[in-house]
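**Q** Got a predicted model here, sequence first, then my questions.
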Amino acid sequence: MKKTLFLLLCVFSSGFIIAQGGTASIVGPTSVEVGVPYSFTTTFTPQYPTNSNGVTANVAIITQYSIQTNTNAIVGGTIPGYINTVNNTYFLDASYNSPHSRNITIQWSNGSTISTDYILVKYSGIYRNSLTGENIDYFNYVQKETPVTIQRLNAPVTVSGPTSIADCSQENVNFSLSNVSSVNGNKYLWSATGGTIVGADTGASVTVKPNFTGSVTATCQVRRNSANQNYFISGSKTVTRTTYTSSATITGNTTVCNTQTYTLAGLSAGETVTWALTNNDNEASIGATVGTSTTVTKTGGGSITLNAIITNSCGTQTVNKSKQLFAGAPPATFWRLGLQEDHRCDTRFHYVPIIFKIPAGVSLTFLNMTPSVTYLSQNVGFEEYLYTFNFDKGYSGNFDFFAKLTNSCNNSITDVYQEINIRSCAQMGLNLTTTTVSENTFIVYPNPAKEFVNVELAAKNVETLNINDISAELYDMMGMKKASIKLSNFAGKFDTGNLKKGIYILRVHNGESTESHQIIIE
């Protein structure tokens, strides 16, 4: 009984078995452009079945038809100025005819990044005999899939060109697409701001003549010839102007005795000059205010600043050149700005730094010092000079000196007096810096050093030394000789201000004897 029931169920169900008879096809372009509608023809070719009673179908009725992409993403996004609302799936109600072929229009948009899509068509329906009206069989999802290449533009568009152009230059600037092969474009349109395109503007490169001023920007819109013309990507490159500089300098005496002429030397073509005087207390007056030269006339006495404002050849930027001057005789005194904090001590000396303010065009000469010491001076700012005095490391008390001030007009003031209190290294709590070993015949100091290194005999009673045969050499750690000197009266000095910071070897030669000292340049 169970076996019979199973067979009946199989026979009953066979009337509803869905057959796959028939073939589907898609005819259309294999490569498409974005934003352009394309026509595809889909066709269903029936394969008529015969039922168990020997009746053969002669009609295929399409009850459902669909066409779509494999990714279901052929529509989406927008192209500016282009309507993009094409459906990608079609459904037909059951009809008792045979629509075996259909034309469908599909348009791809810029809303996707895929380069290969797949069109899929499906047919479902009934096979029927038109004479008897008998349904012979069913077919379901007879389908066909075909690939389509989508010619898309690949972002980004990279524009190459120089990073900057010279101030006021109008030399042509070349721009180009550095990744033209990967963009997949074949139509180019250039535009420029801050300049004018010279020649063609529809190639993969362009030439732009800059305006006199400002930066230059070149922009390229990349399209495909066959695509919708509102579909494009773009890239740009901006070239900026270099900062305006001038190598010109003001020439002339730093002291205005009565009337002095000053000239701006080294001007480039097209540059213009305006002169001005920083003259708060009417120390001097200026002649011409425009041109390559001017005159300054003393009306009083004191420090002044002569300014030359240089304008570039296209009149857009300026730079200021200045020269510190002194009008007339030097002032009755000069100013001590105070002891500095960076005192140093070694086995012999206490190095005391003092800053003095000395007017421009004025020189300082020490006439008498108590105690008598050596010193080194350097300009550290506007009218400010750093003097480093070398006191015995144990000295404490007053430092008195008389000085003379002289300007280039040969006007001078003598007997300028200063008194400064000096404390010893011990009183200041200063530790000794690195020094040479005691068994050496010579000592070197200061160590570490900045501007100079002294070489002196450690014991003045060494009578066996040949005073005419003592020299010293300075080497870097690579063994390269940097300087050499001859010692006079058992002493000498190296200028080290132009040497790089680091460790150096100082060698002292006395006849056939040589000794080495390691020093540090800060």
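**A** Yep, it's here.
**Q** from here on, contacts and neighbour counts on C-alpha atoms
**A** Will do.
**Q** The host helix or strand of Y141 pairs with which strands, and in what direction?
**A** Taking DSSP states H and E as the criterion, Y141 maps to strand 134-151. In the sheet, strand 134-151 lines up against strand 18-19 (parallel), strand 31-33 (parallel), strand 116-129 (antiparallel) (DSSP bridges).
**Q** Of all the residues in it, which ones are buried?
**A** Residues 135-146, 148, 150-151 are the ones in strand 134-151 that count as buried (16 or more other CA atoms under 10 Å).
**Q** Now do the contacts for the spatially most central residue of the chain.
**A** Nearest to the mean C-alpha position of the chain, counting by CA atoms, centre = their mean, stands T163 at 9.5 Å. Counting by CA atoms under 8 Å, 6 or more residues apart in numbering, T163 touches 238-240.
**Q** circling back: I'd like to know which of the strands paired with strand 134-151 lies nearest to H350.
**A** strand 116-129 (84.4 Å; CA to CA).
**Q** Quick check: mean pLDDT of that closest one?
**A** Strand 116-129 shows a mean pLDDT of 87.
**Q** Please compute how far that strand lies from its chain's middle.
**A** Relative to its parent chain, strand 116-129 has a centroid offset of 60 Å by CA atoms, centre = their mean, to the nearest Å.
**Q** re the thing from before, chain center to the strand holding Y141, what's the gap?
**A** For strand 134-151, the distance to the chain centre is 59 Å (CA atoms, centre = their mean).
**Q** if we can go back for a sec, is it possible to export the contacts of T163 to JSON lines including distance to G194?
**A** Formatted as JSON lines, the contacts of T163 follow (distance: CA to CA, whole Å):
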{"residue": "T238", "distance to G194": "10"}
{"residue": "V239", "distance to G194": "10"}
{"residue": "T240", "distance to G194": "10"}
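**Q** Narrow these to those in strands?
**A** Secondary structure from DSSP state E places 238-240 of the contacts of T163 in strands.
**Q** Closest one of those residues to S178?
**A** Nearest to S178, judged by CA to CA, of those is T238 at 14.7 Å.
**Q** For the nearest residue to that closest one once chain neighbours are set aside, list each beta-bridge partner.
**A** If the residues on either side of it in the chain are set aside, T238 comes closest to T217, at 4.2 Å by CA to CA, 6 or more residues apart in numbering. On DSSP bridges, the residues paired with T217 through beta bridges are T193, T238.
**Q** got a list of what T217 touches?
**A** When contacts are counted by CA under 8 Å, 6+ apart, T217 is found next to 192-195, 236-239.
**Q** repeat for G479
**A** Shown in contact with G479 (CA under 8 Å, 6+ apart): no residues.
**Q** Against T514, how distant is it?
**A** According to CA to CA, to the nearest Å, G479 stands 16 Å off from T514.
**Q** Next: T370.
**A** Separation of T370 from T514 (CA to CA): 37 Å.
**Q** what pairs with E145 across the strands?
**A** Beta-bridge partners of E145, as defined by DSSP bridges: L120.
**Q** Verify the contact between it and Q68 for me.
**A** No - E145 lies out of contact with Q68 (CA atoms under 8 Å); the separation is 9.5 Å.
**Q** any common contacting residues for those two?
**A** Common contacts of E145 and Q68 (CA under 8 Å, 6+ apart): 119-121.
**Q** ok, and the most crowded of these?
**A** V121 (25 neighbours; other CA atoms under 10 Å).
**Q** Wait, that residue touches Q64, no?
**A** No - contact status for V121 versus Q64: not in contact, 10.8 Å apart, counting by CA under 8 Å.
**Q** what comes into contact with stretch 24-39?
**A** With contact meaning CA under 8 Å, 6+ apart, stretch 24-39 is reached by 40-45, 79, 82, 84, 103-110, 121-123, 142-152, 226-228, 231.
**Q** Give me the distance from that stretch to the chain's centre.
**A** Using CA atoms, centre = their mean, the mean C-alpha position of stretch 24-39 is found 48 Å from that of the whole chain.
**Q** What's the end-to-end length of it?
**A** 17 Å.
**Q** before we move on, back to that, and the strands paired with strand 134-151: which comes nearest T406?
**A** Closest of those to T406 is strand 31-33, at 87.4 Å (criterion: CA to CA).
**Q** Distance from the following helix or strand past the closest one to the middle of the chain?
**A** Note on strand 31-33: by DSSP H and E, the next helix or strand toward the C-terminus is strand 37-45. Centroid separation for strand 37-45 versus its chain: 56 Å, with CA atoms, centre = their mean.
**Q** swap in stretch 254-274?
**A** Mean-position distance between stretch 254-274 and its chain equals 36 Å (CA atoms, centre = their mean).
**Q** May I see the buried residues of that stretch?
**A** Quick answer for stretch 254-274 (16+ other CA under 10 Å): 254-257, 259-260, 262-264, 267, 272-274.
**Q** quick one: contacts of the host helix or strand of A426?
**A** Assessed by DSSP H and E, A426 sits inside helix 425-428. Residues from elsewhere that reach helix 425-428 (CA under 8 Å, 6+ apart): 345, 350, 393-395, 431.
**Q** could you redo the last one with a cut-off of 10 Å?
**A** Residues from elsewhere that reach helix 425-428 (CA atoms under 10 Å, 6 or more residues apart in numbering): 343-346, 349-351, 391-396, 422, 431-432.
**Q** Near the closest residue to A218 other than its chain neighbours, how many other residues are there?
**A** Of all residues not flanking A218 in the chain, A192 sits nearest, at 4.5 Å (CA to CA, 6+ apart). By the criterion of other CA under 10 Å, A192 has 21 neighbours.
**Q** Could you pull up the residues touching A192?
**A** By CA under 10 Å, 6+ apart, the contact set of A192 is 201, 206-210, 216-220, 236-238.
**Q** can I get these in a markdown table with distance to L364 and pLDDT?
**A** Formatted as a markdown table, the contacts of A192 follow (distance: CA to CA, whole Å; pLDDT from 0 to 100):
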| residue | distance to L364 | pLDDT |
| --- | --- | --- |
| D201 | 69 | 95 |
| V206 | 64 | 97 |
| T207 | 61 | 97 |
| V208 | 59 | 97 |
| K209 | 57 | 96 |
| P210 | 54 | 95 |
| V216 | 54 | 96 |
| T217 | 57 | 97 |
| A218 | 60 | 97 |
| T219 | 63 | 97 |
| C220 | 67 | 96 |
| S236 | 61 | 96 |
| K237 | 58 | 96 |
| T238 | 55 | 96 |
